[in-house]
Structure formats: C-alpha cells, structure tokens
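Student: let's see this in three dimensions:
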Amino acid sequence: MGERHGDTRGSLPVFERQWREMLDAEAEPEFGAQEQLFAELKCEALAEILPPPPATVLECGCGSAEVSAFMARQGYDCTLLDAAPTALRVARRRFEREGLRATYTLGNVYRLPFPDDTFDILTSFGLLEHFADVDRVIAEMARVIRPGGMFFADIVPERFSVQTVGTVFNAGVRLAYYGLQGRPGRGLHEAGRLFRPDFYENDYSLDTYRRFMRQAGLRGVVIRGNRPVPVLTLPGPVERPYVATLRRARGLWRRFDGAGTPATNWWGAGWWAWGVKLPGDSAADDGEGRARGPAE
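Tutor: Okay, here's the model as predicted:
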C-alpha cells in the first residue's frame, strides 16, 4: 500500500473512554439539534442508496448505532459490532429504549467473527478514517458481504473541507468563552485540541479509497462528498435559527449530496462510499468505477 503512518490500530482507548464517560453520565448520544438534522438527512439518503428490507445488515464500529436503529425501524435485521465494550452497551441501551432488536458482537474489523458471504449489507460511519492500513480493513469487510450485497461507508478523513472552516469558528468560540472567564490558557488548550484530536485520522484521497474498494472485489464503486455545512458550537438561542435555516434549505443540501462533482467532493464534510460485491472477477468494470450491472 506504500508508506503507512500513525496508529495502525485506530484509537480504541480514546473512544472507549468517551463511551464510558457518556454511559456513566447517562447522556444520550447525538441528540443535539444539529446532530439530529444531520442524521435525519443521512438516513433519508441511505433509504435511496441501500437495497430495501428485508435484508441482513452488519454495522462495523457501531458506536451509538443511531443509523442502525433507523434501519431496524424500517425492518432490517441488524448486527452491531464494535471493539469497544462500552460502545456496545450504549448501542444496546438505544435499541432497548426504542423496543428494537439487534445482535451485539464484540470484535474488531481486522478479523470479523463471521463466515464469508454472510450479510446483505455492511455499513460503517466515521470508522475507516481511523486506520492507516485501511485497505486491510475494507478487504475484511468485503469478505463477509454476500455476492450481490452492498458495502457502504461514511468516511471523514483528515483533509480540508467545510468542517475545517467550522473548526476555525469553533476554536474562536472556545477562545472567547474562556477568555471572558479570565482563563485564556484553558481557551488555548481547548482550541488546540480541535486541531490535534486524541484519535488518529488518515489522509488518504478519494481516489485511494476507490482503489482500495476495487481491490477488495467491490464494483460499481461510487464516492461522493456530503454535508455542505459544518457542525458549529453555538448557544441554544443561536443554534435553533441555524438549524431552522438548514431545514428550509434541505432541498439544496440534498442536491449537494447527490452531485458528486469535484467541487462537492472537495467541500463536503465527509465522503459517502458504496459498491457491490460480485463473485470472482465476473464484474466488468467500465473504467469509471461502475460495473455493467446492478451497481446502484
């Protein structure tokens, strides 16, 4: 794959600590107004991309499993996998609170504890960017997808995007907040953490991810930018009109997410990537990352 760098095993201790803090505080994950809207639009898009239920779904690195809960409500048979035991407890709490059923599996994406060709759909959200040897991870994920099944990943690698602009804004908010409290040193510390997070993120290009997916036996590969607006740190009275404005512009937002142009791929906060696993080398790739067959 060329030079590898950083933490090749992701950043499990960091995330385990975050999930434990959330569980101990009995906090509900991803329920802020912005996060709710972003998840809502993501789920709407998934309904148009993924095969309809009934189907078996494996979410790798499930975390709080918000998207899988949406899929379970639609009739998908969900299996949730995470290497962090506390993440599975958070996910189970979400499912049980909503009266949903799932299978919970402790494991890692280097060696998935499932036979070949098991699932109709495999998903991950904010996972792949945490591995330097992500080609190995994608290949292992593809192994457990049945022929004709779909791979879907929401990827947020280290790169310039609209969220970079948001991070600069959020750093300014922290500097101002702690400065007004007479704690400028704390403000500098908190602002700096936004640019140097505790966890590892790779910086592979869109074309590199596309190549890894093809090497794993996926065809009809599509990768495109999504989410044209940043997550911002805002007080409630400001966040509410911000979210209301975004809701009114959701039509434009959806058009952005579906465009797949070089500009939207550059500006979008993340990339959505998907492809279909076909048996052996029977899929003829047309050179544009699309198989002549049921790719999308």
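Student: which residues of the stretch 151-296 of the chain fall in strands?
Tutor: Assigned by DSSP state E, counting those that start in this stretch, the stretch 151-296 of the chain shows strands spanning 218-226, 270-277.
Student: can you get me a residue count around Gly63?
Tutor: With neighbours defined by other C-beta atoms under 10 Å, the count for Gly63 comes to 25. The C-beta positions use only the backbone N, C-alpha and C, and glycine is treated the same way.
Student: and what of Asp203?
Tutor: Counted by other C-beta under 10 Å, the residues lying close to Asp203 total 12.
Student: isn't it right next to Glu158, touching?
Tutor: Yes. With the criterion set as C-beta atoms under 8 Å, Asp203 and Glu158 qualify as a contacting pair; they are 4.4 Å apart.
Student: quickly note the distance from Arg73 to Leu100.
Tutor: Arg73 sits 7 Å away from Leu100, taking C-beta to C-beta, to the nearest Å as the criterion.
Student: contacting residues around Trp272?
Tutor: If you count contacts by C-beta atoms under 8 Å, 6 or more residues apart in numbering, Trp272 has them with Ala45, Ile49, Phe152, Ala153, Asp154, Ile155, Val222, Ile223, Arg224, Asn226, Asp257.
Student: quick check: closest non-adjacent residue to it.
Tutor: Nearest residue to Trp272, sequence neighbours excluded (C-beta to C-beta, 6 or more residues apart in numbering): Asn226, at 5.1 Å.
Student: hmm, back to that, any chance of a markdown table for the contacts of Trp272, columns pLDDT, neighbour count and distance to Phe199?
Tutor: As requested, the contacts of Trp272 are arranged in a markdown table below (pLDDT from 0 to 100; neighbours: other C-beta atoms under 10 Å; distance: C-beta to C-beta, whole Å):
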| residue | pLDDT | neighbour count | distance to Phe199 |
| --- | --- | --- | --- |
| Ala45 | 93 | 17 | 25 |
| Ile49 | 95 | 13 | 27 |
| Phe152 | 98 | 20 | 22 |
| Ala153 | 98 | 26 | 17 |
| Asp154 | 97 | 22 | 16 |
| Ile155 | 97 | 21 | 14 |
| Val222 | 98 | 19 | 27 |
| Ile223 | 98 | 19 | 22 |
| Arg224 | 97 | 18 | 25 |
| Asn226 | 96 | 25 | 21 |
| Asp257 | 96 | 20 | 25 |
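Student: for the residues you listed, which one is nearest Arg143?
Tutor: Ala153 (15.0 Å; C-beta to C-beta).
Student: tell me what the closest one is bridged to.
Tutor: When assigned by DSSP bridges, Ala153 has beta-bridge partners Ser124, Ala273.
Student: that one contacts Gly126, doesn't it?
Tutor: No. With contact taken as C-beta under 8 Å, Ala153 and Gly126 are classed as non-touching, separated by 9.2 Å.
Student: for the most centrally placed residue in the chain, what are its contacts?
Tutor: The central residue of the chain, meaning the one whose C-alpha is nearest the mean C-alpha position (C-alpha atoms, centre = their mean), is Phe125 at 2.1 Å. When contacts are counted by C-beta under 8 Å, 6+ apart, Phe125 is found next to Glu59, Gly61, Gly63, Val67, Ala153, Asp154.
Student: go again with 6 Å.
Tutor: Counting by C-beta atoms under 6 Å, 6 or more residues apart in numbering, Phe125 touches Val67, Asp154.
Student: let me know the pLDDT of it.
Tutor: As predicted, Phe125 sits at a pLDDT of 95.
Student: and it, how far is that from Gly251?
Tutor: Phe125 sits 24 Å away from Gly251, going by C-beta to C-beta.
Student: kindly report the same for Ser64.
Tutor: From Ser64 across to Gly251, the span is 28 Å (C-beta to C-beta).
Student: now do Glu96
Tutor: Relative to Gly251, Glu96 is positioned 36 Å away (C-beta to C-beta).
Student: which of these two has more neighbours?
Tutor: Neighbours of Glu96 and Gly251, each counted by other C-beta under 10 Å, are more numerous for Glu96; the result is 11 against 8.
Student: ranges for the helices of the chain?
Tutor: Using DSSP state H, the helices assigned to the chain run over residues 12-24, 33-49, 66-74, 85-97, 134-143, 162-180, 184-195, 206-215, 236-248, 250-259, 262-267.
Student: quick one: residues in contact with the last one.
Tutor: The set of residues that contact helix 262-267 without belonging to it, under C-beta under 6 Å, 6+ apart, is Val162, Leu206, Gly225, Phe256.
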